[in-house]
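make a model of this:
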Amino acid sequence: MIRLISRASQTRRERTKAREPTTSPRPSAASVRPRARASTGSEVVEVTHLTKVYGRVRAVDDVSFSVRGGEVFSFLGPNGAGKSTTVEILEGLRRPSAGETHVLGFDPWTQLDQLKRRIGVIPQDFHFFPKLTPR
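Here you go, the predicted structure:
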């Protein structure tokens, strides 16, 4: 609730009372534990022996990793290492050649509709289309 109060019309006691918090304080960061949402234990992303082949080129070669709920995870590698392809597979945009992937317990390729209700992705190099208007 927002209250607009004129200081001139208040006594000192009323001003002090207005500054006091009306809700209980937030819990400290140490007391808040992240909760995993995946149905397969505490893993929110699971990648097992993921492979993606384009003709004779192996874009992703037998990659396996998992990410737990609340964990900060970095996916690093040189250009052409298969980072974007792996993320696109996790988003359900590309079909893996081999291996398994699960995001929040869903297979991104076969259960994309359920997964899209739970995740949102904004790529690093996102740009609006030049002629896009709000109409």
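
give me phi/psi at Val103?
Backbone torsions of Val103, given as degrees, to the nearest 10, read phi -120, psi 120.

tell me, how many neighbours does it end up with?
Using other CB atoms under 10 Å, Val103 has 22 other residues around it. Any C-beta I mention is one placed from the backbone N, CA and C, and that applies to glycine too.

buried set for stretch 50-57?
50-52 (16 or more other CB atoms under 10 Å).

let me fix that, I meant to ask about stretch 62-71.
Those would be 63, 66-67, 69, for stretch 62-71 by 16+ other CB under 10 Å.

if we can go back for a sec, show me which of the buried residues of stretch 50-57 is closest to Ser74.
Leu50 (17.3 Å; CB to CB).

what bridges to that closest one?
Here Leu50 sits in beta bridges with Val63, as judged by DSSP bridges.

with distance to Gln111 and pLDDT added, can I get the buried residues of stretch 50-57 in CSV?
Shown next, in CSV, are the buried residues of stretch 50-57 (distance: CB to CB, whole Å; pLDDT from 0 to 100):
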residue, distance to Gln111, pLDDT
Leu50, 17, 97
Thr51, 20, 97
Lys52, 19, 97
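
for those, which one is nearest Phe75?
Nearest to Phe75 out of the buried residues of stretch 50-57 is Leu50 (CB to CB; 12.2 Å).

will you turn the buried residues of stretch 62-71 into TSV that also has distance to Asp113, secondary structure and pLDDT?
Converted to TSV, the buried residues of stretch 62-71 look like this (distance: CB to CB, whole Å; DSSP: H, G, I helix; E, B strand; the rest coil; pLDDT from 0 to 100):
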residue	distance to Asp113	secondary structure	pLDDT
Val63	25	strand	94
Ser66	24	strand	93
Val67	22	strand	93
Gly69	22	coil	89
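
reformat these as JSON lines; add distance to Pro130.
Listed next are the buried residues of stretch 62-71 as JSON lines, based on distance: CB to CB, whole Å:
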{"residue": "Val63", "distance to Pro130": "36"}
{"residue": "Ser66", "distance to Pro130": "40"}
{"residue": "Val67", "distance to Pro130": "35"}
{"residue": "Gly69", "distance to Pro130": "39"}
